[in-house]
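Trainee: Sequence plus the predicted model coming up.
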Amino acid sequence: STGGEDAPRELIAFYHEDTLREIAALRAWLLAREREGALDAVDDWIRMVTVNRLTGHSPGFLSVYTMPPNQAVSVESQLRINAKRRQEPPRRDLRAVVAKKSKALLGAVSDDDRARLAAVFGSAKLSVGPAADAHTVPSASVDLVVTSPPFLDVVQYKDDNWLRCWFCGIDVDAVEITMARSVDAWAAAMRRAFDELFRVVKPGGHVAFEVGEVRRGSVRLEEVVLP
């Protein structure tokens, strides 16, 4: 286990010191493998599960009681939570946590499931970019789109994912996610996305577009986006 010394000291607000050392060592290993171009499927799986288990509100997570990793609070906020709940980060075993979650995720996967996944693996693509410019996707080639767009400025995606970004070696300031501060700006951004969805979806295909109410129900995004 090396690389534990790279962990920001303030993260002991979330983790027991020994748990933090394990997390930092795994992070260093994965980032080194990535730089060398040596990441394999097992590395990818372990990183995915660890990212999912970074913080949460049950013993199945690596942290003391807090918010889930896609809503990670600041260190200052976590210190306030700890003081209010009179809690200290308990020792968690990183290997045990990842193994337990992996078993739960894979337990219901049948041999038929594995065969189907293996059959489509070679043609699967992971593309990162703006929804309004899905240039890697051919026109009229998609049967189904499932998407959950940003909810105006009520969710601070960069701030909420700072811990995930640290673990994955991502500069949080380099993350670009649509953040519209007005309903009109949000509607215009969604219009651009729908124009591109119209291009890529087959005639007769479907788009599942998940939105809801914001600002205490005063704005219904599903009505805003209908036009």
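Mentor: Nice, I can see it.

Trainee: When you work out contacts or count neighbours from here on, use the C-alpha atoms and nothing else.
Mentor: OK.

Trainee: Report the central residue of the protein.
Mentor: In the chain, the centroid-proximal residue (Cα atoms, centre = their mean) is residue 70; its distance is 6.0 Å.

Trainee: does that one really touch residue 160, like I thought?
Mentor: Yes: contact status for residue 70 versus residue 160: in contact at 5.7 Å, counting by Cα atoms under 8 Å.

Trainee: Residue 65 - how many residues pack around it?
Mentor: Residues lying near residue 65 (other Cα atoms under 10 Å) number 22.

Trainee: Over to it: give its phi and psi.
Mentor: Dihedral angles phi and psi of residue 65 (degrees, to the nearest 10) take the values phi -50, psi 120.

Trainee: Return the residues in contact with it.
Mentor: The contact partners of residue 65, by Cα atoms under 8 Å, 6 or more residues apart in numbering, come to 55-58, 89.

Trainee: In strands, which of the residues you listed fall?
Mentor: Among the contacts of residue 65, DSSP state E puts none in strands.

Trainee: re the thing from before, name all residues that make contact with the nearest residue to the residue nearest to the centre of the chain once chain neighbours are set aside.
Mentor: Excluding the flanking residues, the one nearest residue 70 by Cα to Cα, 6 or more residues apart in numbering is residue 161, at 5.2 Å. Contact analysis of residue 161 by Cα under 8 Å, 6+ apart lists 69-72, 172.
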